[in-house]
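> Fold the following for me, if possible:
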Amino acid sequence: MAPQFQFFPSRPQLATALRSACWKSVVVLAGSGLMLGSAAPPVAENAYCGKGNVPQFGDKDGPAELPKTCYYTGMDGTPSPGKQIRVSAKADLASALDGAKCGDTLLLPAGASFGVRELPAKNCDEQHYITVRTDTPDSKLPAEGKRISPAWAGVASLPGRPPYAQPDGGAGKLMPTLVVSQPDGARLGDHIRFIGIEWTSDPAANIGRLLNLEGSDHVILDRNWIHPAAGAEVGKGVSLMEGARVIAAINSYISGFNCVARSGKCTDASAVGGGHGNKPAGTFKIVNNFLEGSGENILFGGSGATINPTDIEIRRNHLYKPIVWREGEPGYTTAPSGDPYIAKNHFELKNAQRVLFEANLLENSWGGFTQAGFSIGLSPRNQANHCPKCQVTDITIRYVRIRTVGGVIAISNGLSKAGGASAGGGRYSIHDVIADNVHQEDFKGKGVFTTMLSNSPPLRDVWFDHITAFVPGPILTLKAIDHKIDNFRMTNSVFAAGSQRPPLTSAGGGPQNCAVRAHKGGPDAVLQACFSNYKFEKNLIITDEGAWPSGTIVVSDKTAGIRDLKDGVSRDPRLCREKGPNCAKASPGAGAAGGGGDIGADVDAVEAAISGVE
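Alright, predicted model coming up:
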């Protein structure tokens, strides 16, 4: 029987039962002054989902409910037991699929191209998936559960992207190509798995989205490369909207989605996203992918809807923006029009419920296009007053690494530009997050760890625990008028803050803002003025500012006994337990957390969680 998980609110983490299993290890490195402990989350594709789509997330992480439904994507639980049908390179794919029976496998010749508009629904079941795949044998593909790359389509590297896996013998044309020419994207059917497929757009067509899963049911995109044609502006990669149900994007490489400033046709490019429409949508699985979008790499919400997408699992993905898309960088590349790409953030939720965002690596985000380069945005929005039911609730963000950004997390319960309120946001559990190499003006950002704006409905139930973040700006900027933010926690965390602004300060709004009235009294006064029923304890703050709550460890030494910390960057931000190699002195945060552990993120757990993601 698969392990069950239980979470406890003093520090949201894996259960004692899990800690006693094989994932638990504690190692002391002799002479290093470092204590290494790990309680890493599991990394397997179906770690939280048993056969038959049995959820194993557990109940809650702190104040946040975890997903209640899941999608088991192992091939042993989504079989195609029927015939194998070889499809001619000159055949019509939709006709071939129409002639197939539930459970059959269609083999497409590697290197061949097929036009695709709409694949027919077959009304199959979970024991009779149709598989559409390359005819390249399994022995020459990445194994099940391993990520594919453009090298399997003959592209050995992409400019400005990290190196990626290669087939044995080097890059080669091992995938067929499905070419989308329909403006609103290729529509897919039900109970269908795609393996080893390259998807791209017709360069002569005006494509808004590539894959349109409106109304699709039980679809698995497994080891696919999904990208626009070279130089094409396509705003959406995998679109999960209007009744999309039980969808998985796994082990894939989704790249090149962009919107262009001034001369472009869109403003929000995302690799994966949805949350629009009037039909129930949810049970989405986004696991072990490279995801690239100029706007938001992942976005849910931002348009009219009368539903909330629910039960979303986002794990072990590399969310990346090529730094060569940023003006002023060496190798900077514009769109073909000569205009820059519109960059916003990595992960934004405007309409979503019960989301697990775990073990992801987020790199490169900058501002200048209506946003300030934050990596993560939690902002329920009644877009154009067409989504009063939009909400962002029960969000768990854990075991995550963020680097090279203009800000870390933006949280906002605000009105739309038309003045309409959403259904609200809250019940956020954010823990074991590491953030460094955070920028300010050079990235057109604020250099802030978290901005919190509470308007209508009031924000509540936001917990930060075991965070390690080094920022050049404030730790927290706040705006709340006429009410306090209830049930806020910031505990067991390490922060380095800049000196140009107070570490806890106002995010604007004039004298009615709680933080404006209080910031001259220091951080303790701001906390009392802006929060009710709050906890701010067992934190290590690297700053010259005073007046913190009792129990806060405040140090002016810029290293604070943290291994490898220099100028706001630390590839190894463990706390030193004693003086030794790479440890000039012991950190006052070592052993000072609740339960006797170290303050800050569990670095071992984060590193284990994202191992192999990059």
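
> Spell out for me which residue occupies the centre of the chain.
For the chain, the residue whose C-alpha lies nearest the mean C-alpha position (C-alpha atoms, centre = their mean) is Phe347; its distance is 5.0 Å.

> From Arg316, how far out is that one?
For Phe347, the distance to Arg316 under the criterion C-beta to C-beta, to the nearest Å works out to 14 Å. Just so you know, the C-beta spots here come from the backbone N, C-alpha and C atoms, and that holds for glycine as well.

> joint contacts of these two?
When contacts are counted by C-beta atoms under 8 Å, 6 or more residues apart in numbering, the set common to Phe347 and Arg316 consists of Asn360.

> So the residue nearest to the centre of the chain lies in a helix, does it not?
No. Using DSSP: H, G, I helix; E, B strand; the rest coil, the assignment for Phe347 is strand, not a helix.

> Return the residues in contact with it.
With contact set as C-beta under 8 Å, 6+ apart, Phe347 has these partners: 296-299, 314, 319, 357, 360, 362, 375-377.

> most neighbours, which of those residues?
Using other C-beta atoms under 10 Å as the contact criterion, the top neighbour count among the contacts of Phe347 goes to Asn297, which has 33 neighbours.

> Report the contact partners of it.
With C-beta under 8 Å, 6+ apart as the criterion, the residues that contact Asn297 are 270-272, 291, 319-321, 346-347, 362.

> Beta-bridge partners for the residue nearest to the centre of the chain, please?
Partner residues in beta bridges with Phe347: Ile298, Ile376, with DSSP bridges as the criterion.

> which parts of stretch 566-576 are buried?
For stretch 566-576, burial by neighbour count (16 or more other C-beta atoms under 10 Å) applies to 568, 570, 573-576.

> could you dump those residues to CSV with pLDDT, distance to Asn437 and secondary structure?
Listed next are the buried residues of stretch 566-576 as CSV, based on pLDDT from 0 to 100; distance: C-beta to C-beta, whole Å; DSSP: H, G, I helix; E, B strand; the rest coil:
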residue, pLDDT, distance to Asn437, secondary structure
Gly568, 92, 6, coil
Ser570, 91, 9, coil
Pro573, 96, 12, coil
Arg574, 96, 17, coil
Leu575, 96, 19, strand
Cys576, 94, 21, strand
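
> From the rest of the structure, what touches stretch 239-246?
By C-beta under 8 Å, 6+ apart, the list of residues contacting stretch 239-246 reads 53, 71, 185, 209-219, 247, 272-284, 300, 309.

> same question, stretch 349-356
Applying C-beta under 8 Å, 6+ apart, the set of residues contacting stretch 349-356 from outside is 48, 57, 64-68, 275, 299-302, 305, 308-315, 377-381, 383, 387, 390-396.

> Which of those fall within strands?
The strands in this structure, assigned by DSSP state E, contain 64-65, 299-300, 310-315, 377-378, 391-396 from these.

> Of these, select the buried ones using a PyMOL command.
Selecting in PyMOL just the buried members of the ones in strands among the contacts of stretch 349-356, where the criterion is 16+ other C-beta under 10 Å, is done with this command:
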select buried, resi 64+65+299+300+310+311+312+313+314+315+377+378+391+392+393+394+395+396
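
> what about the helices in the protein?
Secondary structure of the chain by DSSP state H: the helices cover 16-19, 93-99, 514-518, 523-530, 603-610.

> Tell me the pLDDT of Ser38.
Note for Ser38: predicted pLDDT of 48.

> no, scratch that, I was asking about Pro581
In this prediction, Pro581 has a pLDDT value of 83.

> ok, it - how many residues close by?
For Pro581, which is what you asked about, the neighbour count (other C-beta under 10 Å) is 11.

> Ramachandran coordinates for it?
Backbone geometry at Pro581, expressed as degrees, to the nearest 10, gives phi -50, psi 130.

> quick one: which of the contacts of Phe347 is nearest to Arg427?
When the contacts of Phe347 are compared for distance to Arg427 (C-beta to C-beta), Phe357 wins out at 13.8 Å.

> mind listing which of the contacts of Asn297 are in strands?
Among the contacts of Asn297, the members that lie in strands (by DSSP E) are 270-272, 291, 319-320, 346-347, 362.

> Okay, the residue nearest to the centre of the chain and Gly377: tell me how far apart.
When C-beta to C-beta is applied, the distance between Phe347 and Gly377 equals 7 Å.

> And Glu126, by the same measure?
Taking C-beta to C-beta, one finds Glu126 at 35 Å from Gly377.

> so Val438 touches Ile409, yeah?
No. Val438 is beyond contact range of Ile409, at 11.0 Å (criterion: C-beta atoms under 8 Å).

> Next, show the common contact partners of those two.
Counting by C-beta under 8 Å, 6+ apart, the shared contacts of Val438 and Ile409 are Phe449.

> hang on, the earlier thing: adding distance to Gly419, write the buried residues of stretch 566-576 out as CSV.
Putting the buried residues of stretch 566-576 into CSV (distance: C-beta to C-beta, whole Å) gives the following:
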residue, distance to Gly419
Gly568, 39
Ser570, 43
Pro573, 43
Arg574, 48
Leu575, 47
Cys576, 52
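
> Nearest to Ala560 among these?
Ranked by distance to Ala560 (C-beta to C-beta), those are led by Leu575 at 8.2 Å.

> show me the contacts for the closest one.
Leu575 makes contacts with 34-35, 494, 561-563, 587, 589-590, 598-600, as judged by C-beta under 8 Å, 6+ apart.

> possible to save the residues you listed as CSV with distance to Pro336?
Output for those, formatted as CSV (distance: C-beta to C-beta, whole Å):
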residue, distance to Pro336
Leu34, 50
Met35, 53
Val494, 44
Gly561, 51
Ile562, 45
Arg563, 45
Ser587, 51
Gly589, 50
Ala590, 53
Asp598, 50
Ile599, 49
Gly600, 45
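
> which of those residues count as buried?
For these, burial is judged from neighbour counts taken by 16+ other C-beta under 10 Å, and it is met by 34-35, 494, 561-563, 587, 589-590, 598-600.

> which of the residues you listed has the weakest pLDDT?
Scanning these for pLDDT, the smallest score is found at Met35, 37.

> which intervals of the protein have sub-threshold pLDDT?
1-38 (pLDDT under 70).

> quick revisit: what sits in contact with each of Phe347 and Gly377?
Shared contacts of Phe347 and Gly377 (C-beta under 8 Å, 6+ apart): Glu296.

> which ones are touching the closest residue to Glu65 other than its chain neighbours?
Beyond its immediate neighbours in the sequence, the residue positioned closest to Glu65 (C-beta to C-beta, 6 or more residues apart in numbering) is Asp394, lying 4.1 Å away. Contacts were defined as C-beta under 8 Å, 6+ apart; by that measure Asp394 touches 64-66, 353-355, 427.
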